[in-house]
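Asker: This is a predicted model, with the sequence first.
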Amino acid sequence: MAEHHTGVDAADSQPKQSRAGRNLPAAIAVGALLAGTLVGVLLFAPRLWLLILALATPIATHEVTRRLREAGYQVPFVPLALGGQAMIWLSWPYGPVGVLAAFGGTVVLAMVWRLVGEGLNHTPVNYLRDMSATVLIAVWVPLFMSFGALLIYPDPHEGAGRVMCLLVTVVCSDTAGYAVGVLFGKHPMVPAISPKKSWEGFAGSMVFGVAGAVLAVAYFLDAPAWTGVPLGLLLVLTGILGDLVESQVKRDLGIKDMGTSLPGHGGLMDRLDALLPAAAVTWIVLTVLA
């Protein structure tokens, strides 16, 4: 998720770098390609949405586990990868029950894997620390990703509209927060975690995020447009929270990006930080209200 700039940072000396230190042309090109692919799938082949999530889940999981391992954590990737696939694919026939069952199985498998990973004759070191990090990843990536899968059911075409509401709202919030922050940001929001976020950017995110949600609900769903108001409010708050959580994790690890797979953006997880928790909130709000 883009930073809500305070507007007081020195301009980067490189002509192709944004004020966030990114390669702006590459970021725009990659962002447009990703957006076009997702919209095309949702419009013409919504059932492929599940495949996209199934491919993205292990990539994002590997980015986070690799970074934690570089910092000395012993986080088992294999149980998380297998469990992530189970969460995604069991959402198809069994819905939330299948996701919950797969999540529980993932945690149990990871607990056993970490316990005996060094052999039965060795006492695990930092077991509590490593398992806490493992459970965090299991929730943060595959479980939240599974809510994105649940949005597509039971009718894939109606589900595509629910996913579009998620994407439109988060993109509107993210883009407006960045633009308003760059142009008008003067008051840092959470300088201890993300110095470039500003209250002005937050206001921009809130106004345009809610407006985007209202329009998305009215256009893509057979639901009252006012449903977009609570959806937009909660998604803006959740998206910013997701961005702050990843910023704090990266601060703890002493890194700038989770990966390098997306030129101009960092890693895949750096683009999913706002979308993942927002997917869970979207499913909850639309299940209750729409």
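Answerer: Thanks, I have it.
Asker: got the residue ranges for the strands in the chain?
Answerer: Under the criterion DSSP state E, strands of the chain are mapped to 188-190, 194-198.
Asker: Check these for me: which has the lowest mean pLDDT.
Answerer: Among the strands of the chain, strand 194-198 has the lowest mean pLDDT, at a mean of 85.
Asker: helices or strands next to it in the packing?
Answerer: Using 3 or more CB pairs under 8 Å, 6 or more residues apart in numbering; DSSP states H and E as the contact criterion, the secondary-structure elements in contact with strand 194-198 are helix 156-184, strand 188-190, helix 228-253. All C-beta spots, glycine's among them, are computed from the backbone N, C-alpha and C.
Asker: Tell me which of the ones you listed sits nearest to Val75.
Answerer: Each of the helices and strands packed on strand 194-198 was checked against Val75 via CB to CB, and the shortest separation belongs to helix 228-253, namely 12.1 Å.
Asker: in the closest one, what's buried?
Answerer: Buried residues in helix 228-253, defined by neighbour count with 16 or more other CB atoms under 10 Å: 228, 231-240, 242-247, 249-250, 253.
Asker: still on that earlier bit, out of the strands of the chain, indicate the one that is most buried.
Answerer: Mean neighbour count, computed with mean count of other CB atoms under 10 Å, is highest for strand 194-198 among these, reaching a mean of 24.
Asker: ok now it, how far from the chain's centre?
Answerer: From the chain centre to the centre of strand 194-198 is a distance of 19 Å (CA atoms, centre = their mean, to the nearest Å).
Asker: just the angle between it and helix 228-253, please?
Answerer: Angle, strand 194-198 to helix 228-253, by axes from the mean of the first three to the mean of the last three CA atoms, to 10 degrees: 160 degrees.
Asker: Run a quick neighbour tally on the residue lying closest to Asp257 once chain neighbours are set aside.
Answerer: In space, not counting the residues next to it along the chain, Asp257 is nearest to Gly266; the distance is 3.1 Å by CB to CB, 6 or more residues apart in numbering. A total of 21 residues lie near Gly266 under the criterion other CB atoms under 10 Å.
Asker: Is Gly266 in contact with Ser247, as I believe?
Answerer: No - applying CB atoms under 8 Å as the test, Gly266 and Ser247 come out as separate, 11.9 Å apart.
Asker: about what we covered before: how about the helices and strands packed on strand 194-198, which one is nearest Gly148?
Answerer: From the helices and strands packed on strand 194-198, taking CB to CB, the stretch that ends up closest is helix 156-184, at 7.0 Å.
Asker: Break down the stretch 1-150 of the chain into its helices, ranges please.
Answerer: Along the stretch 1-150 of the chain, the segments classed as helices by DSSP state H, counting those that start in this stretch run 24-44, 48-70, 77-116, 127-138, 144-150.
Asker: what's the most buried one of those?
Answerer: When the helices of the stretch 1-150 of the chain are scored by mean count of other CB under 10 Å, the highest mean neighbour count falls to helix 144-150 (a mean of 25).
Asker: Please state the offset of that one from the chain centre?
Answerer: Its chain's C-alpha centre lies 11 Å from the corresponding centre of helix 144-150 when counted by CA atoms, centre = their mean.
Asker: Need the residues that contact that helix.
Answerer: Contact partners of helix 144-150, identified using CB atoms under 8 Å, 6 or more residues apart in numbering, comprise 49-50, 53, 56-57, 60, 84, 87-88, 91-92, 95-96, 99, 102-103, 163, 166, 275-277, 279-280, 282-283.
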